[in-house]
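> Sequence first, then the predicted structure, then my questions.
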Amino acid sequence: MQGVDLHTHSNISDGTLSPELLVQAALEKGIHTLALTDHDSMDGLVLAEKVAKNQPIQIISGVEISSQWSRPSTKKSYGVHVVALNMQSPDPLHKLLEQQKIIRAERAQLICELLKPLIGEDIYADVVAKVEGIPDRVTRTHIAKTLVEKGHVSRPQQAFDKYIKEGKKAYVQFEGLGLEETIHVIHKAQGFAVLAHPTRYDLSATNIRYLIEIFARYGGDAVELPPAIEPTSTRQMVDRMIAEFGLKVSVGSDFHGDNMPWIKLGNIPQVKEGQVGIWESFIV
Ligand code: AMP
Ligand code: MN
Ligand code: MN
Ligand code: MN
């Protein structure tokens with residue numbers, strides 16, 4: 001499974017490398033199976049495939065979909081990312097992504113509106129300038145970078161902590177499709193549904209467990225393994241849930257280029273004995 005990276009971003013979303021340069025970088029790292037999984041967009045795929053042609057690398061179609069789930073007992077809904085991989089008939093997914101892009105563009109505007117009274121200026125134009133003027137590519141990473149450049153905070157993380165993460169004044173939830181429906185659309189597109197970074201949603205252990213359980217019940221295929229930097233106990237907890245609910249595993253670095261320089265392309269966690277990689281099911 002060395003040489004596999006199934007979660008990466010290009011500058012089609014909040015990565016810094018173009019899809020073409022991402023493939024080049026992957027080739028240099030000896031990666032032979034690469035999924036480009038931009039946020040709510042598959043627009044980078046053709047560009048990546050063009051560079052990969054006649055090279056020793058397989059590009060797996062992918063996208064990281066902003067979805068949501070809730071507990072029946074409470075009204076609160078939680079954001080969740082579902083990575084869709086290896087679509088054989090992507091049309092149903094393309095239709096969903098058109099909708100997601102509208103939501104993303106409107107949300108960017110709304111976040112900037114909410115920021116206005118807090119920072120005393122309108123940064124919308126600068127934010128959109130970061131994504132070649134295409135508003136449906138705006139992520140909170142771009143908004144955080146703009147807040148740094150304009151001197152409102154000193155680091156992107158501070159922008160999240162002060163303004164745009166959940167619970168803060170300029171936080172706007174991504175009102176994406178529900179988890180069950182998202183998995184359904186991925187399957188209609190004949191792809192695999194992967195629960196992205198289950199331990200990165202600020203959820204209690206009970207809620208992580210519940211999320212993995214419903215993900216399995218809704219027909220989800222695999223869970224992403226936590227990166228090696230996370231505590232062993234966290235990894236063990238996720239391993240137990242994967243085994244209990246009969247899920248496969250996926251591996252990805254969540255590479256974002258210089259936006260998150262500590263994450264290295266191709267740096268993926270080890271698969272434990274008995275775990276089945278989702279890549280073994282790929283049709284290439
Ligand atoms: P969005 O899809 O617009 O909500 O942006 C999500 C992206 O913002 C994630 O993929 C991360 O790259 C980044 N992000 C989310 N939460 C945080 C956080 N608390 N600190 C830093 N970056 C974050
Ligand atoms: Mn991101
Ligand atoms: Mn994510
Ligand atoms: Mn990601």
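Received, thanks. Ligands and ions are numbered 1, 2, ... in the order given.
> So the closest residue to S61 other than its chain neighbours versus ligand 4, what's the distance?
Ranked by Cβ to Cβ, 6 or more residues apart in numbering and with sequence neighbours excluded, the top spatial neighbour of S61 is M87, at 5.0 Å. All C-beta spots, glycine's among them, are computed from the backbone N, C-alpha and C. Between M87 and ligand 4 the distance is 17 Å, computed by Cβ to the ion, to the nearest Å.
> Kindly report the same for E113.
Using Cβ to the ion, E113 is found at 26 Å from ligand 4.
> what about that residue, how many residues close to it?
By the other Cβ atoms under 10 Å criterion, the neighbourhood of E113 contains 13 residues.
> Against which helices or strands is the host helix or strand of it packed?
Element membership of E113 [criterion: DSSP states H and E] is helix 91-119. Counting by 3 or more Cβ pairs under 8 Å, 6 or more residues apart in numbering; DSSP states H and E, the packing neighbours recorded for helix 91-119 are strand 62-70, helix 124-129, helix 140-149, helix 179-188.
> 10 Å instead?
Applying 3 or more Cβ pairs under 10 Å, 6 or more residues apart in numbering; DSSP states H and E, we find helix 91-119 packed against strand 62-70, strand 77-85, helix 124-129, helix 140-149, helix 179-188.
> will you turn the ones you listed into CSV that also has mean neighbour count, mean pLDDT and distance to A196?
Supplementary listing: the helices and strands packed on helix 91-119 in CSV, determined by neighbours: other Cβ atoms under 10 Å; pLDDT from 0 to 100; distance: least, Cβ to Cβ, whole Å:
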stretch, mean neighbour count, mean pLDDT, distance to A196
strand 62-70, 23, 98, 6
strand 77-85, 22, 98, 4
helix 124-129, 17, 98, 24
helix 140-149, 21, 98, 15
helix 179-188, 20, 98, 11
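> nearest to ligand 3, of these?
Closest approach to ligand 3 among the helices and strands packed on helix 91-119 (Cβ to the ion): strand 77-85, 3.8 Å.
> and that closest one, how far from the chain's centre?
Distance, stretch centre to chain centre, for strand 77-85: 7 Å (Cα atoms, centre = their mean, to the nearest Å).
> CA atoms of it as CSV?
The C-alpha trace of strand 77-85 is given here as CSV (Å, rounded to 0.1, in the frame of the first residue of the first chain):
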residue,chain,number,x,y,z
SER,A,77,-26.6,18.9,12.8
TYR,A,78,-22.9,18.3,12.4
GLY,A,79,-20.7,18.8,9.4
VAL,A,80,-18.9,15.8,8.0
HIS,A,81,-16.7,15.2,4.9
VAL,A,82,-17.3,12.2,2.7
VAL,A,83,-14.6,11.3,0.2
ALA,A,84,-16.0,9.8,-3.0
LEU,A,85,-13.5,7.6,-4.9
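> Great, nothing more from me.
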